[in-house]
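Asks: dropping the sequence and predicted coords here.
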Amino acid sequence: MQTSTTSKLLVSDIASSVDRVPSSYIRQISDRPNISDVDISGDSIPLIDLQELYGPSRANIIHQFAHACSSYSFFQIKNHGVPEKTIERMMTVAREFFHQPESERVKHYSADTKKTTRLSTSFNVGSEKVSNWRDFLRLHCLPIEDFINEWPSHPVSFREITAEYATSVRALVLILLEAISESLGLEKDRVSNTLGKHGQHMALNYYPPCPQPDLTFGLPGHKDPNLITVLLQDEVSGLQVFKDGKWIAVHPIPNTFIVNMGDQMQVISNDKYKSVLHRAVVNSDKERISIPTFYCPSFDAVVGPQQELINEEEDSPAIYRSFTYAEYYEKFWDRALATESCIDTFKISKT
Ligand code: OGA
Ligand code: NI
């Protein structure tokens, strides 16, 4: 049994043939998803209804953004404008992709974090010591025409459906960026204007059922390196968010997205909106799929705290130096998804 599993590249192809988690996936006791530490009450992160965003209640909704971004950094949105059909088709084609035979999937396998389209497993197989119970297909998708020909051509509708989804989510992100910019007291196009030509990546995360889900993670605690993440998840729970010293489980609500702030938002807002720890746990009977869209600056964009949010006299000096997103992104992938974020490397030291 052991010999056959060690030759497999993807955890999907190990999961189905083991009744115990292989040792390379087992975390130290102090670093496991201890269920008694988690608030599963369902009373979780804010839910913002975007229906009236362009009506007379805009100011009120912007206020909800300010609260959600500063107190949680995580919120859910409904009436977001991405058609139900688009979401359904995306989820279905993602599932079909991962259900293809191993020989079809591994064609896309690469451990090179610089590749713009690749299937991989865990987080960064080149740098981590313990593996994670996840496979993922990562795609760059802005502008779509630069990347679509690299995307998987099987299932045959993969490219068309993914392009439609990416376009629709991008339109939503641009609306969110305006609302977030306003909620920071900035002009509505400011955040968008700091992103250069903009970047958009997607991951299709596949978490197979796991025989011993208390020994390992789908994804261990981490902060996202990008600007904001818009996450679509299926009906299986698994996401947990760290808030006030506790992990809270975020249970899926159909037709909502989960939005969270990433490191670049923390820098641009000069710590007003923090990038927050989150993780994904696995379970013993159901596979789980999540599809995050990582919206980010283009690699040449120079990111730094916005002038209006800096005030040396009132004791809110610039906390970070400016840097290019390329510089940041490289540092991020170099480390093994450590809980300490690479944002600290860009802090201006107090003298
Ligand atoms: C991620 C992530 C959470 C999830 O891919 O960065 O945090 O629920 N995913 O899969
Ligand atoms: Ni994440």
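Replies: Okay, I see it. Ligands and ions are numbered 1, 2, ... in the order given.

Asks: flag every residue of this structure that's near ligand 1.
Replies: 203, 205, 219, 224, 233, 238-239, 278, 280, 290, 292 (CB under 6 Å from any ligand atom). The way it works is simple: take the backbone N, C-alpha and C, and place the C-beta from them, glycine included.

Asks: how about the residues you listed in CSV, adding neighbour count and secondary structure?
Replies: What follows is the residues of the chain next to ligand 1, written out as CSV (neighbours: other CB atoms under 10 Å; DSSP: H, G, I helix; E, B strand; the rest coil):
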residue, neighbour count, secondary structure
A203, 18, strand
N205, 22, strand
L219, 23, strand
D224, 22, coil
Q233, 23, strand
G238, 26, coil
L239, 25, strand
H278, 24, strand
A280, 23, strand
S290, 25, strand
P292, 22, strand
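
Asks: dump these into JSON lines; add pLDDT as well.
Replies: Output for the residues of the chain next to ligand 1, formatted as JSON lines (pLDDT from 0 to 100):
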{"residue": "A203", "pLDDT": "98"}
{"residue": "N205", "pLDDT": "98"}
{"residue": "L219", "pLDDT": "97"}
{"residue": "D224", "pLDDT": "95"}
{"residue": "Q233", "pLDDT": "97"}
{"residue": "G238", "pLDDT": "96"}
{"residue": "L239", "pLDDT": "97"}
{"residue": "H278", "pLDDT": "96"}
{"residue": "A280", "pLDDT": "98"}
{"residue": "S290", "pLDDT": "98"}
{"residue": "P292", "pLDDT": "98"}
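
Asks: among these, which one lies nearest to Y25?
Replies: Minimum distance to Y25 across these is 12.5 Å, recorded for L219 (CB to CB).

Asks: give the contact list for the closest residue in space to the closest one that isn't next to it in sequence.
Replies: Spatial nearest neighbour of L219, chain neighbours left out: A280 (4.3 Å); criterion: CB to CB, 6 or more residues apart in numbering. By CB atoms under 8 Å, 6 or more residues apart in numbering, the residues touching A280 are 134, 205, 207, 217-219, 238-240, 288, 290.

Asks: relative to ligand 1, how far out is the nearest residue to V191 once chain neighbours are set aside?
Replies: Closest residue in space to V191, ignoring its immediate chain neighbours: S181 at 4.2 Å, by CB to CB, 6+ apart. Noted for S181: a distance of 23 Å to ligand 1, by CB to the nearest ligand atom, to the nearest Å.

Asks: count of neighbours near N79?
Replies: A total of 12 residues lie near N79 under the criterion other CB atoms under 10 Å.

Asks: quick check, it in contact with Q51.
Replies: Yes: if you go by CB atoms under 8 Å, N79 and Q51 touch, sitting 4.0 Å apart.

Asks: hang on, the earlier thing: let me have the contacts of A280 in a markdown table, extended by distance to Y72.
Replies: Below are the contacts of A280 laid out as a markdown table (distance: CB to CB, whole Å):
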| residue | distance to Y72 |
| --- | --- |
| R134 | 24 |
| N205 | 22 |
| Y207 | 24 |
| F217 | 22 |
| G218 | 21 |
| L219 | 19 |
| G238 | 18 |
| L239 | 13 |
| Q240 | 13 |
| R288 | 22 |
| S290 | 19 |
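
Asks: now do the helices in the stretch 151-300 of the chain.
Replies: 158-183, 190-193, 263-268 (DSSP state H, counting those that start in this stretch).

Asks: just name the most buried of these.
Replies: helix 263-268 (a mean of 25; mean count of other CB atoms under 10 Å).

Asks: can you give me how far that helix is from the chain middle?
Replies: Distance, stretch centre to chain centre, for helix 263-268: 15 Å (CA atoms, centre = their mean, to the nearest Å).

Asks: just stretch 183-191 next, same as before
Replies: Worked out by CA atoms, centre = their mean, stretch 183-191 lies 23 Å from the chain centre.

Asks: before we move on, what about stretch 285-294?
Replies: The answer for stretch 285-294 is 10 Å, by CA atoms, centre = their mean.

Asks: for S41, see how far away whatever residue of the stretch 251-351 of the chain ends up closest to ligand 1 is.
Replies: The minimum distance from the stretch 251-351 of the chain to ligand 1, using CB to the nearest ligand atom, falls at S290 (3.3 Å). Distance, S290 to S41, by CB to CB, to the nearest Å: 21 Å.

Asks: so what touches stretch 344-351?
Replies: Contacts for stretch 344-351 (CB under 8 Å, 6+ apart): 267, 317-321, 323, 328, 331.
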